[in-house]
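Engineer: Kindly return the folded structure for what I paste below:
(3 chains, ligands or ions: 3)
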Amino acid sequence: MSLLDVSDVRKYFPIKSGIFFQREVGRVHAVDGVSLSVEAGETLGVVGESGCGKSTLARCMTGLHEVTSGNITFDGDVRRDVQMVFQDPYGSLNPRRRIGSIIADPLVIHREGTPSSRRDRVRDLMALVGLNPEHYNRFPAEFSGGQRQRVGIARALALNPRLVVCDEPVSALDVSIQAQVVNLLKDLQAELGLTYVFIAHDLSVVRYVSDRVAVMYLGKIVEIAPGEELYERPRHPYTAALLSAASVADPDRPRDRVILRGDVPSPISPPSGCRFHPRCPKAQERCTVEEPRLMGDGHKWACHFPLEPGERLQSREVGE
Amino acid sequence: MSLTDAAFEAEPVHAEVVHGKGPWQLAWERLRRDKAAVISMVVIVLVALLAILAPLFALITGHDPLTQYPSTALTPEGLPVGPGADFWLGADSLGRDLFVRLAYGARISLLVGLSATFLATLFGVIVGLLAGYYGGWVDGVLARVLDVVLSFPYLLVAIVLVAAVGASVSLTIFVIAFFSFAAMARVVRGQTIGYREREFTEAVRSLGASPLRIMVIDVLPNLVAPVTVLASLLIPTSIVFEATLSFLGLGVDPRTPSWGAILADSTDFYRVAPGLLVFPAVLLLLTTLAFNLLGDGIRDALDPKR
Amino acid sequence: MWRFLIRRIVFGIVVLWLVATTVFLLFFAGPADNVARRLAGPRAPIEVVEQIKDTLGLDRPLFTQYLGFLGDLLRGDLGTSFISQTPVSTLILQSLPGTLWLVFGAAVLWMIMGVGGGVLSATKPRSLRDRTLTVLVLAGISLPTFVLGILMIYLALSVFPGTGLQPGPYISPFVDVGAFLSTMVMPWVCLAVVQAAVYVRLTRGSMLDTMGEDYIRTARAKGVPERGVVYRHGLRAALTPVITQFGVDVGTLLGGVVVTESVFGLQGIGQLMIRSVRDGDLPVIIGAAILAAAFIVIANILVDVTYSFLDPRVRLA
Ligand SMILES: Nc1ncnc2c1ncn2[C@@H]1O[C@H](COP(=O)(O)OP(=O)(O)OP(=O)(O)O)[C@@H](O)[C@H]1O
Ligand code: SF4
Ligand SMILES: [Mg+2]
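Structural biologist: Ligands and ions are numbered 1, 2, ... in the order given. The predicted model follows:
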């Protein structure tokens, strides 16, 4: 059995209107039928554009959101053994509390240890994530973004969790700091045998840390594969487009790029058939009516007309 | 890269770095450097002393605030005497000691101002926290009701209530407390809704923290700043409102020495005895100005970016 | 748009109905004898109390009385004053002109002072000018209206008697313009000064917010001269909250400028109300209170509708 099993999970946010009697006028399909599993000891990367439902999926995994339908099974106690590292190093630490108490929160809430044993544990954790243990008495405002993210990591590790869900843990940091925090996470994984779900919109970061990578688009997983396989042989046009957009900065392959045209459609009323069809260079009639299912094993993709190995997505096809 | 080296990473910290000093300590230090706020605090302390020591002044002067002293306080023509050794600020038209009455008036002003604000803050914070945290239709209705309540002027409601149940100090406090409560609850509710969605509350919620713990330990400390600022501005509003009601004869019993009532008494006499008007007016103005300045100072101290 | 308007009006009617019900319960709930005694006042002879009980039908079940009360209200019948035996609506109509002149005259003054002061403050933030205005505003906010009023009367009567300004009852400008002005100028200034303080703050705050926003920066970058930037972009956007506040304030004040009218002895709705409370003249109090509530509710509807034109996003809410 996998450590975490997500099967056909949906999370819709109702949009309400009205003063006294609220009517539901629509729903945001933030996560719309996601299935995946996470094996103990691995790192599963999740990538996708902003708003595609990555954070919502993460919140469902950690029990912060009640799922609308579907099942999440975790081999252990979700409240203890699944912890989260948040995206925003400024928003995730309470500005009015000392970081010592912030890191001790998991211990206090789970009634673990005595005040003095907790203090020792907090100092150990601070040292572990590369913070000076003498600074436990300081407030978050006295730390830099990178240091705050270390505080967040220390808090996530306090209960020796089995799974850590990292929701874009470095995207708010300066590029020079990102590598330090990512390396810290990798080192901790080696040291403590952690399992990660690592969310990012930056493909290169995900590639560096992940064993397997899932690509999300508008609440759905469109492709999931072992890291190298996905980067070398993407089958889904959206993955290919993301990869070529990421290589824009790469001057060696200027011809390759397919820039995604148009805006991401609204998750309130997602497009029919394949959700990617309004933006897909390979879209055909069938794509607008029939929704592709996630197929394959090991390397799975959801597309009627996947790229053949070696095929390049042609940017001129984007037109029409 | 060794892990502990990272603590000394060369990343800039975008905040005042005064190690170990909490936000409260920093705010207090900023407040102490604000001259207007310091002077205001001195004025407030003096007014508080005036109120606390009122019986002492009555003892020293030998003048009760309610007793009339026609033989010593009125001139042979029947006019009140001016300031002097016997009547420090002069006498009023009925031959009572203005200074002693003002000192006792300070008690009423502070009593109403502080108790109404205290009640409003207590209930406003509790209701605002619960409504903001739990949301739902109760909260929706409450928010609408607070909006409507706050769209009516205090004075109109006070007048109708006085007409229905009669004037009294407790009614005055109740009306002021009720409206201040509405203002406080609305602010606290709005802030709580904001903090409920913040990642640091989600972090503890995902650990299974109880709603009570989240409200008290995680949200409340963040509300101290806006609540303090609002409360410090509600105090002068309450004092002015009490004085206004008493001036109109709708507040405390007219014989009670409230600043508003003293000013109302003065209106027919200030041509012959301007002190009757000037002293209470200046005292009232100084008190409210001091509280307002202090409130502004506290706001700037808690939120230096503005 | 229509749906929004209708919803808003229905909500306003609900609020008015709640106000009327509260007022009714406040005055009429309880044993008939107690209610009659309260209505008549503590000094009234027992016959008067009995008579009030009869004429108002206080012996009837509360709900019957309530329906009668609402019925009268809907027909615009506010009852008759105990003291003057005049219909309440007549008393209100007599008092309305004083209040109207006071409010609209003062409104002109406070908008000029408030918006002008706010613009002066916001165009040079943190300058000496701005700081001076800020202190003045704080003084204005701290100064109780009635203290300002009696200080003005003291100055006009004792220190500068030459001005000819004096407190007194409202005199129609169509009867005697000179007397009208000599009684109205002080109340106008008094009310306007107190109100202006709030408007300086509001204008300054929202202008500074707006001027920090991108499109002002864009306009500046395009080379629109400073003055043009301020007026065309900053002020227009900044005026939305000011107009909102203005509508609400005027609506509230039309229901009676209690303090100012009382201090200056100007006979408007506010003073009518205070006098009725002192005399225990309940029908007048009830009538005036419901009128005031109606003004407030109508003003709030107008403001919301105006606002939804200025900023279409609110209609969704
Ligand atoms: N609590 C909520 N209520 C309503 N809608 C929500 C809520 N949380 C998220 N959404 C919506 O669900 C969609 C997915 O949001 P989510 O935060 O999961 O995206 P994301 O992939 O994490 O984006 P980002 O990269 O910006 O963090 C968005 O359209 C968002 O507006
Ligand atoms: S199913 Fe059709 S539209 Fe969707 S990704 Fe494949 S080719 Fe494009
Ligand atoms: Mg996110």
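Engineer: how about the strands in chain A?
Structural biologist: A:4-17, A:23-38, A:43-47, A:69-74, A:82-85, A:163-167, A:195-200, A:212-217, A:220-226, A:300-301 (DSSP state E).
Engineer: what's the answer for chain B, then?
Structural biologist: Using DSSP E, strands in chain B do not occur.
Engineer: Look through it and tell me its longest helix.
Structural biologist: Across chain B, the longest stretch assigned as helix under DSSP state H is helix B:98-134.
Engineer: Show me how far that one is from its chain's centre.
Structural biologist: 6 Å (Cα atoms, centre = their mean, to the nearest Å).
Engineer: got the residues of chain B near chain C?
Structural biologist: Chain B comes close to chain C at residues B:148, B:151-153, B:155-156, B:159-165, B:236, B:240, B:243-244, B:247-250, B:260, B:263, B:266-267, B:270-271, B:274, B:277, B:281, B:284-285, B:288-289, B:291-293, B:296, as judged by Cβ under 8 Å from any Cβ of the partner chain. For glycine as for every other residue, the C-beta is placed from the backbone atoms N, C-alpha and C.
Engineer: and the closest residue to B:R196 other than its chain neighbours, how many residues sit next to it?
Structural biologist: With sequence-adjacent residues excluded and distances taken as Cβ to Cβ, 6 or more residues apart in numbering or on different chains, B:R196 is closest to B:Y133, at 5.7 Å. Neighbour count of B:Y133, defined by other Cβ atoms under 10 Å in any protein chain shown: 19.
Engineer: what's B:Y133 in contact with, if anything?
Structural biologist: Neighbour list for B:Y133: B:T192, B:R196, B:P211, B:I214, B:M215, B:V219 [criterion: Cβ atoms under 8 Å, 6 or more residues apart in numbering or on different chains].
Engineer: Which pLDDT does the model give the third one?
Structural biologist: Okay, so that is B:P211. The model reports B:P211 with a pLDDT of 93.
Engineer: What separation do you get for the residue lying closest to it once chain neighbours are set aside and B:D139?
Structural biologist: In this structure, B:P211 finds its nearest non-sequential neighbour in B:Y133, 6.3 Å apart by Cβ to Cβ, 6+ apart. Using Cβ to Cβ, to the nearest Å, one obtains 9 Å as the distance from B:Y133 to B:D139.
Engineer: Ok, C:V48 next?
Structural biologist: Taken as Cβ to Cβ, the span from C:V48 to B:D139 is 49 Å.
Engineer: Kindly report the same for A:D81.
Structural biologist: A:D81 is 34 Å from B:D139, where distance means Cβ to Cβ.
Engineer: which residue does the stretch 51-200 of chain B bring closest to ligand 2?
Structural biologist: Taking Cβ to the nearest ligand atom, ligand 2 has its nearest neighbour within the stretch 51-200 of chain B at B:E199, 33.3 Å off.
Engineer: That residue contacts A:P89, correct?
Structural biologist: No - distance between B:E199 and A:P89: 9.4 Å, which falls outside the contact criterion (Cβ atoms under 8 Å).
Engineer: Show me what the biggest helix by length in chain A is packed up against.
Structural biologist: Counting by DSSP H, the longest helix found in chain A is helix A:175-192. Applying 3 or more Cβ pairs under 8 Å, 6 or more residues apart in numbering or on different chains; DSSP states H and E, one finds that helix A:175-192 makes contact with helix A:145-157, strand A:195-200, helix A:203-209.
Engineer: mind listing what's buried in the last one?
Structural biologist: Of the residues in helix A:203-209, A:L203, A:V205, A:V206, A:R207, A:Y208, A:V209 count as buried by neighbour count, 16 or more other Cβ atoms under 10 Å in any protein chain shown.
Engineer: which regions of chain C sit below the pLDDT cut-off?
Structural biologist: C:1, C:41-42, C:212-235, C:310-317 (pLDDT under 70).
Engineer: how about the helices in it?
Structural biologist: C:2-28, C:32-40, C:46-56, C:62-74, C:88-123, C:128-142, C:145-154, C:177-211, C:214-221, C:226-228, C:236-254, C:258-264, C:269-279, C:282-310.
Engineer: Any idea which residue is closest to the centre of the chain?
Structural biologist: Defaulting to chain A. Chain A has A:I199 as the residue nearest its centroid, 2.3 Å off, counting by Cα atoms, centre = their mean.
Engineer: Let me rephrase: I mean chain C.
Structural biologist: Of all residues in chain C, the one closest to the mean position by Cα atoms, centre = their mean is C:L253, 1.0 Å from it.
Engineer: Would you mind listing the residues in contact with that residue?
Structural biologist: Contacts for C:L253 (Cβ under 8 Å, 6+ apart) come out as C:T99, C:V103, C:L191.
Engineer: okay if I get these as a markdown table plus distance to ligand 2?
Structural biologist: Listed next are the contacts of C:L253 as a markdown table, based on distance: Cβ to the nearest ligand atom, whole Å:
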| residue | distance to ligand 2 |
| --- | --- |
| C:T99 | 69 |
| C:V103 | 65 |
| C:L191 | 68 |
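Engineer: What's the separation between C:L58 and C:Q85?
Structural biologist: Separation of C:L58 from C:Q85 (Cβ to Cβ): 19 Å.
Engineer: how much space is there between C:T306 and ligand 2?
Structural biologist: Per Cβ to the nearest ligand atom, to the nearest Å, C:T306 is found 47 Å from ligand 2.
Engineer: and the stretch 101-250 of chain C, which of its residues are near ligand 1?
Structural biologist: Within the stretch 101-250 of chain C, no position lies close to ligand 1 (Cβ under 6 Å from any ligand atom).
Engineer: wait, isn't C:V115 in contact with C:S206?
Structural biologist: No - look at C:V115 against C:S206 with Cβ under 8 Å: they stay out of range, at 10.8 Å.
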